[in-house]
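Student: can't give you the sequence, but here's the structure:
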């Protein structure tokens, strides 16, 4: 199963303005928090975008966090020479990577680690089977949004026009698979994109 | 209790780009959906901003939706002469309105109907006791956001700077009071702002 698991603030951010994941704003967060241990247990591979890779690589290198997982990096540029075995560049885009993942006959789940654009790209090619959001009980006010959104203010003119003909929106529907709350007030919502 | 109850899409919108509430994007929505009947049962008064009032007034007038509730409109301008009894202009801002509500000795809850800016203003003066969000299983892509947010993209420079000194964020913490799912996959999350 191809899945993404992300924290999200109530106001929609997956990361703080400087790029730190939004989990880090929770005093109760640890790598064993929320559904992360279960995610890890079932995982055979990780997918990430090049921005996420470059962001983390130097920190990860001394003690590689995924010794038991294959890691696929979506990128058009070569990876640094020092990458551990099992870390592969995938240059054909998300649809091509999905084929690569199928051919790899993995014995477990694929976690699309991020960033948000990579998760969205997997959703757009119809490959994301689970979108798992851990809604944290905080408002950040600013940061890096989980979803690619376009915001507008209320306009009397648009409202009047909509009374003649409601504006069409290209909404995407998700199926809720499960939900549960954690002691610190985070709520995990698991969806299948439809 | 002063409370706000709003639908919110997974990507954070409380209304569609033209101002229609996000509930309207759910085929299963009716005025008896979700927690709305319970909200209505316990309600003695409604608060709304002037933009929301002007948006709805002409539609409401022929068959006033809140004959049993007082309605307070936050506004600096006089209300139209045709407003029914029990509809009052409140011109002193949110903090003043809170006093007005206390003095009114209401026999039930106050619902801050909206818009988002009015809900936020009540939260900022510390008067909102419950923020109840009904997270709808849809992505809109564009619309009017529930929260006043400032978004940025990931920046390598900001990330590098944060390693020296993590950026400070003025996060607001909420306490989760309850959560429940509805048959169409909407999930109601009830918070107390802290």
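Tutor: Cool, the structure landed. As the structure is a computational prediction, the values presented were derived from the model and not from experiment.
Student: Strands of chain A, residue ranges please.
Tutor: In chain A, the segments counted as strands under DSSP state E are A:2-9, A:13-15, A:43-49, A:70-74, A:87-90, A:109-114, A:130-136, A:138-139, A:142-145, A:150-151, A:172-181, A:187-193.
Student: Contacts for the lowest-mean-pLDDT helix or strand in chain A, please.
Tutor: Taking all helices and strands of chain A together, the one with the lowest average confidence (mean pLDDT, DSSP states H and E) is helix A:156-164, at a mean of 88. The contact list for helix A:156-164 (Cβ atoms under 8 Å, 6 or more residues apart in numbering or on different chains) reads A:152, A:167, B:16, B:17, B:18, B:19, B:20, B:54, B:55. C-beta here means a position set from N, CA and C on the backbone, and glycine is covered the same way.
Student: likewise stretch A:100-119?
Tutor: If you take Cβ under 8 Å, 6+ apart as the criterion, stretch A:100-119 is touched by A:1-6, A:14-15, A:39, A:42-49, A:51-52, A:70, A:72, A:74, A:90, A:92, A:94, A:122, A:128, A:131, A:144-148, B:154.
Student: And these, which of them are buried?
Tutor: Among the contacts of stretch A:100-119, those buried by neighbour count (16 or more other Cβ atoms under 10 Å in any protein chain shown) are A:2-6, A:14-15, A:43-49, A:51-52, A:70, A:72, A:74, A:90, A:94, A:122, A:128, A:131, A:144-147, B:154.
Student: what about residue A:24, distance to chain B?
Tutor: Residue A:24 sits 8 Å away from chain B, taking Cβ to the nearest Cβ, to the nearest Å as the criterion.
Student: How many residues are close by that residue?
Tutor: Burial of residue A:24, expressed as a neighbour count using other Cβ atoms under 10 Å in any protein chain shown, amounts to 12.
Student: OK, contacts around residue A:181?
Tutor: So, once contact is read as Cβ under 8 Å, 6+ apart, residue A:181 ends up touching A:187, A:188, B:176, B:179.
Student: Spatially, which residue comes closest to residue A:108, not counting chain neighbours?
Tutor: On the basis of Cβ to Cβ, 6 or more residues apart in numbering or on different chains, the spatially nearest residue to residue A:108 that is not a chain neighbour turns out to be residue A:44, at 3.1 Å.
Student: The one you found and residue A:129, how far apart?
Tutor: 14 Å (Cβ to Cβ, to the nearest Å).
Student: do the same with residue A:154
Tutor: For residue A:154, the distance to residue A:129 under the criterion Cβ to Cβ works out to 36 Å.
Student: What of residue A:13?
Tutor: Residue A:13 sits 24 Å away from residue A:129, taking Cβ to Cβ as the criterion.
Student: re earlier: lowest pLDDT pick from the contacts of helix A:156-164?
Tutor: The member of the contacts of helix A:156-164 with the lowest model confidence is residue A:167, at 73 (criterion: pLDDT).
Student: Next, the contact list for that residue, please.
Tutor: Applying Cβ under 8 Å, 6+ apart, we find residue A:167 in contact with A:158, A:161, B:16, B:17, B:18, B:20.
Student: most surrounded residue in these?
Tutor: Neighbour counts for these (other Cβ under 10 Å) peak at residue B:16, which has 25 neighbours.
Student: excluding its backbone neighbours, what's nearest it?
Tutor: Closest residue in space to residue B:16, ignoring its immediate chain neighbours: residue B:143 at 5.0 Å, by Cβ to Cβ, 6+ apart.
Student: Likewise for residue A:70?
Tutor: Here the residue nearest residue A:70, using Cβ to Cβ, 6+ apart, is residue A:45, at 4.2 Å.
Student: Kindly state the pLDDT recorded for the one you found?
Tutor: 98.
Student: what number of residues lie near residue A:82?
Tutor: Other residues lying near residue A:82 total 9 when counted by other Cβ under 10 Å.
Student: So it is in contact with residue A:61, correct?
Tutor: Yes. Applying Cβ atoms under 8 Å, one finds residue A:82 in contact with residue A:61, separated by 6.4 Å.
Student: Number of residues surrounding the closest residue in space to residue A:184 that isn't next to it in sequence?
Tutor: Computed as Cβ to Cβ, 6+ apart, the closest residue to residue A:184 that is not its neighbour in sequence is residue A:28, at 4.1 Å. The burial count assigned to residue A:28 is 13, neighbours taken as other Cβ under 10 Å.
Student: quick one: the residue sitting furthest away from the middle of chain A and chain B, what's the gap?
Tutor: Seen from the C-alpha centroid of chain A, the residue lying at the greatest distance (Cα atoms, centre = their mean) is residue A:164, 38.4 Å away. Residue A:164 sits at a distance of 10 Å from chain B (criterion: Cβ to the nearest Cβ).
Student: do the same with residue A:55
Tutor: In this view, residue A:55 and chain B are 6 Å apart by Cβ to the nearest Cβ.
Student: How about the contacts made by that residue?
Tutor: The contact partners of residue A:55, by Cβ under 8 Å, 6+ apart, come to A:19, B:154, B:156, B:159.
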